[in-house]
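*Asks:* Sequence plus the predicted model coming up.
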Amino acid sequence: DSGVTQTPKHLITATGQRVTLRCSPRSGDLSVYWYQQSLDQGLQFLIQYYNGEERAKGNILERFSAQQFPDLHSELNLSSLELGDSALYFCASSPRGGGREQYFGPGTRLTVT
Amino acid sequence: QKEVEQDPGPLSVPEGAIVSLNCTYSNSAFQYFMWYRQYSRKGPELLMYTYSSGNKEDGRFTAQVDKSSKYISLFIRDSQPSDSATYLCAMSGGQGSGTYKYIFGTGTRLKVLA
């Protein structure tokens, strides 16, 4: 158990809908990262927050947005969902703003029908 | 060209074999080099990380970094069926390097046969 929690574990929704994925980092960790992993694909970095501020941005679609709250939990919002958005979404946390280790949550499996 | 290249495998080895997993990269700003293990449909788990060049050993695992060749390796000694998983390399610039990029390889699927 990494200490990172993600909810929900599974989500099934229809095209065009909007969903929110939630992540609670390990106690004391200031950085939160979001990744997308499609079937048989590598981890695609979406976005990083450090102590409430956006630190780095990857291949995140304009339909997706994220934020980190004062208590350091983070939410990833996915809107106007398409079939191709079906994937595992992982959150990871780190005590630092960059480099070194990341601790991953169990993921949220999103299925868009 | 991808910033990080990793052979997807699959790689099948008999139990007890020494396994060699590799990644190459193109961004010379990377300073931290990590290896993660991912079991099917689970979150990746950090195995070890190395700063700059050199070797690092942890139990049956040894990580090597050759910055001059932009090449990193993970060796697994006395491989076990429980080592069967996907192994992902990752690299990062970190503070002071000019980049906070944290890039994962696509992963190598390893199967250790009993």
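*Replies:* Thanks, I have it. Numbers count the residues shown, from 1 in each chain, chains lettered A, B, ... in the order given.

*Asks:* What part of chain A, helix or strand, is modelled with the least confidence?
*Replies:* strand A:53-57 (a mean of 89; mean pLDDT, DSSP states H and E).

*Asks:* What strands line up against that strand, and which way round?
*Replies:* Strand A:53-57 pairs in its sheet with strand A:44-50 (antiparallel), by DSSP bridges.

*Asks:* In the strand it pairs with, which residues are buried?
*Replies:* A:F45, A:L46, A:I47, A:Q48, A:Y49, A:Y50 (16 or more other Cβ atoms under 10 Å in any protein chain shown). (Each C-beta comes from the backbone N, C-alpha and C, glycine too.)

*Asks:* Where does the prediction get shaky in chain B?
*Replies:* B:94-100 (pLDDT under 70).

*Asks:* Which residues of it lie near chain A?
*Replies:* B:31-32, B:34, B:36, B:41-46, B:49, B:51, B:88, B:90, B:92-95, B:97, B:100-107 (Cβ under 8 Å from any Cβ of the partner chain).

*Asks:* Show me the strands in chain A, by range?
*Replies:* Secondary structure of chain A (DSSP state E): strands located at A:5-7, A:10-13, A:19-24, A:31-37, A:44-50, A:53-57, A:64-68, A:74-78, A:87-94, A:103-104, A:108-112.

*Asks:* Could you export those strands to CSV, including columns for distance to B:A17?
*Replies:* Converted to CSV, the strands of chain A look like this (distance: least, Cβ to Cβ, whole Å):
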stretch, distance to B:A17
strand A:5-7, 35
strand A:10-13, 37
strand A:19-24, 38
strand A:31-37, 28
strand A:44-50, 32
strand A:53-57, 38
strand A:64-68, 42
strand A:74-78, 40
strand A:87-94, 30
strand A:103-104, 28
strand A:108-112, 33
